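**Student:** the amino acid sequence is not available; the structure is as follows:
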């Protein structure tokens, strides 16, 4: 792949990326969240159309490179490119077999179940992924579903297999098994692109690897000649674009205490395992970790969106057992959600409606049944002004603002709602607060958070930007597969150390 | 007493067969559409347009086949509007379906008053009709012979069509793709199935079937054209799809039940049983709700026989997940 | 060359207006086309319909407003039911069951009107009686609507189908009541209950136009205030626009589903009561003529805005009365009205696409660097 460019509204996701994979190798594709790994591979398998760039594939007939145009998933399949998506693309109510033959135009109209069943069993044996072809997908464990995804691609003779963070959903044992399978496939001559951000897996499984950062190439290296430390450096090393000093005040009372909290997700997998964490007033606790290791659930538990199965949570000393989200809000919890568009805002509602979501119940805004329109307008205008939200007016729909301004709305709403009503115990749970923002907005958001902290709020900062975490947190909790691996002092830790911890290594 | 009972049920079944034929057509059509993920609440409108155009064509040409073909084409055409509005223009499927029903009902009634000879109404005209064909020997079997083997050609067709459709959906490649598109269009798309084309195709097929259901009403069950000839049968078809849990074979059972309810109460009154007719009529609707609650609530059941996961949702590919 | 489609950031109100009027014009042209095909002069027909709906200036000057009052009589139930479904749609709850809720409301209202006397609940003042009756209707429709809402919140059962099925159950029940149980023994065999006593009847304003108009306008105003200015309306809006944001904002989604359906069904039930108390004076055939379905179209066309709903309801009622008019005077089918209403929605739905998306013609060069 050469000079690939892909734009999303307002962002350049891929900026002239080159990517070369040799035949028969396992190639690691590394990068932090949002670095463009998945986007690059989605271009390769026809889900996204690139704005610019060319794709060349090995042509076994002429034994040379040939340019191909892949504009639909079907083109990709014809070219022998198959992708195992992070979120499986399986039809739950169908069997393994049916998923395998989906999309294949056979010569026979009626499906010859027995013959195909044998083929699949054969294929499974060959690569060490035995599975019952008659099982329904919904009956299978996550690891087994993943095997179906891979089998599906092998069944249609994919030469290039793209695995998008395949180990994120697996247990360590399953991950090791997957590694074996990949090696076996490579020996059989398949080419594998392995997207991940777990460094030990890269070292263990891959032959070569490429690191992306902010939609650009950083480096391609022989895995044998590199170290985890070097890779971690490639991944996170970026220019420091700002200088905000972490607040230097002595912590006060506890605003958040979690004791032995465990949570199971909808699939019954334990997402949080026996978590102990506390946040004091005047303190920023950074939560670092590769996404999918429990940070999301941690934030949801701390804000009451998800109830914990075990353990207890105290907000400002108050036991929150059985409280609704509303209860958490009223206890003084603010939440800057990770998914700004999906959760944080109602895009089709005007700026003003979005700004009062957390304070619409307070007396000044709504004393009885009706809103105090004049107060709301003043309040909203003040927030727009104070938080430098660039908008044509308070009636503009939130979705029409830029990402930075949308985030300022969320920030303003969350900070002000606690500020106004509930003065003593304030907890701000900020999840990826600067993701996808430009430099100016990023700096704005960070400085406001720091300011809040120095005025006495306790902040739980979940971020995948290690720079950010190190710069403004006082302590950093590192999460890995649902555990808090370690809690370290921010001023005596290096990015490399954090990278190691995030990969589940101890220091 | 014993013989009276059997004769009673045989006659109920016979009426149910006649009344149920159009229901089966419409339901099978709706199963096609819903399996591909398109909720079509316009069945009623498609049926009634099929009924009026089918009858008009048959009347003017004197040819039954012309009526059947026209009616089914018109049904398909109505479905095409629904496809364009919901799949291409991404409008809401519920609203579009309701508008099809409204438009179809109005248009059919309008045309019904103008499509007779020289712009006179169709009402009261007697046109060609599908005749019952008695199959020798088989129809002489006691009780069920008359029920099963003294029917018109459209009912006989169902003997082949229904198992064929069931087999097509369950066991063939295109049937497999169809189910995948309705369950998880993303998955189907990455595997190279053209989601848009598939949805268009099966929704239009669904319209054709709905049209045929209407044709059967105006050419066989209640020959001729009357204003509200479909009498809500399109909505019953929508209910039947759920009742049958998206299975063509079971839809026959449901259609017989819905079709038979009227017959039963009629006969019951004749022999003096005093069950309120209204209660009996409500039964199928209430049963549908019960079925819906059961298949929604029990997760295992929902995955096996529940509604297609992507039913009613538009599909746009380049969405950032 | 290829056409590329992309979402439009913000459509100007000018564009909206142009698209909307073009769509409606197209709908009338479509109707005209159909008439042309079957040999009817569209212009004559439309003029006759307009006269049927609003009358003629020379009648007005003589103080005859028959056409206008007829249109308004039809507009009343349509208005109330449209507002009712509009509230539910605002929360993205698909209440297709307004027809059934209207019928149950009428049953409840009629029940009170017919039998309250037996329990000594009849007041000599019509005002009090009618209020009692309306409350019964609201309760009836509301509780009826609460069943699908409960099934939704408790079992996650799709409300489109349940509300739809309940329409038929309600209508069958209603037919059973006026045909059998509550049938007037002195009704000469005609199906229907006895006429209500005079104290159970809504007063008239002019012609057949009754004070239900006031109730309808009041409902519209009330809902407008609720949706636009109240805390509850705010919660409904947020749930409808982004249910995840609502949960995150601490809004009780299930509770609101129940409350909103109680309210929406209650309004539809009120429409039914007003209809029996203001027009038919008894429970009889002809109550369920599809107001509940037309209401869905009306509220969608009005973009769920209560004020717009009131206007569109009058327009739709006018089209229906105009349809009746051409049936009487020109011998043309009144169903033209439904053709126009259905076509209108389609063209507006289609037109919506041009408001939401921008289409541009581009030269189809994929590899050009941007």
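**Tutor:** Cool, got the structure. Quick caveat, the model's predicted, so the values are computed rather than measured.
**Student:** burial measure for the residue of the stretch 201-321 of chain B found nearest chain A, as a count.
**Tutor:** Per CB to the nearest CB, the residue of the stretch 201-321 of chain B with the smallest distance to chain A is residue B:303, at 4.8 Å. (Glycine included, C-beta is placed from N, CA and C.) When neighbours are counted by other CB atoms under 10 Å in any protein chain shown, residue B:303 registers 18.
**Student:** I figured it hits residue A:91, correct?
**Tutor:** No: under the criterion of CB atoms under 8 Å, residue B:303 makes no contact with residue A:91, lying 10.5 Å away.
**Student:** got a pLDDT number for residue A:239?
**Tutor:** According to the prediction, residue A:239 has pLDDT 47.
**Student:** quick revisit: same question for the helix or strand encompassing the residue of the stretch 201-321 of chain B closest to chain A, mean pLDDT?
**Tutor:** Per DSSP states H and E: residue B:303 is located in helix B:299-305. The average pLDDT for helix B:299-305 rounds to 73.
**Student:** so is that helix next to chain C?
**Tutor:** No: for a cut-off given as CB under 8 Å from any CB of the partner chain, helix B:299-305 has no contacts with chain C; the smallest distance is 9.5 Å.
**Student:** now do that helix: which elements does it pack against?
**Tutor:** helix B:277-297 (3 or more CB pairs under 8 Å, 6 or more residues apart in numbering or on different chains; DSSP states H and E).
**Student:** buried residues in the helix it packs on, which are they?
**Tutor:** Within helix B:277-297, the residues that count as buried by 16 or more other CB atoms under 10 Å in any protein chain shown are B:277-278, B:280-285, B:287-289, B:291-296.
**Student:** what of stretch B:162-175?
**Tutor:** Within stretch B:162-175, the residues that qualify as buried are B:162, B:165-166, B:168-169, B:172-175, counting by 16+ other CB under 10 Å.
**Student:** what's the answer for stretch B:56-67, then?
**Tutor:** Of the residues in stretch B:56-67, those with enough neighbours to count as buried (16+ other CB under 10 Å) are B:56-59, B:64, B:66-67.
**Student:** ditto for stretch B:230-242
**Tutor:** Of all the residues in stretch B:230-242, those buried under the rule 16+ other CB under 10 Å are B:230, B:233-242.
**Student:** same deal with stretch C:199-219?
**Tutor:** C:199-202, C:209-213, C:215-216, C:219.
**Student:** in CSV, list those along with secondary structure and distance to chain A.
**Tutor:** Rendered in CSV, the data for those read as follows (DSSP: H, G, I helix; E, B strand; the rest coil; distance: CB to the nearest CB, whole Å):
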residue, secondary structure, distance to chain A
C:199, helix, 34
C:200, helix, 32
C:201, coil, 33
C:202, coil, 28
C:209, strand, 32
C:210, strand, 30
C:211, coil, 26
C:212, helix, 26
C:213, helix, 26
C:215, helix, 21
C:216, helix, 22
C:219, helix, 17
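**Student:** which one among these gets closest to residue C:148?
**Tutor:** When the buried residues of stretch C:199-219 are ranked by distance to residue C:148 (CB to CB), residue C:219 comes first, at 21.5 Å.
**Student:** what residues does the stretch 301-450 of chain A put near chain C?
**Tutor:** By the criterion of CB under 8 Å from any CB, the positions of the stretch 301-450 of chain A lying close to chain C are A:303, A:305, A:324-330, A:335, A:337, A:339, A:342-349, A:353, A:356-358, A:360-361, A:366, A:369-371, A:373, A:396-397, A:400.
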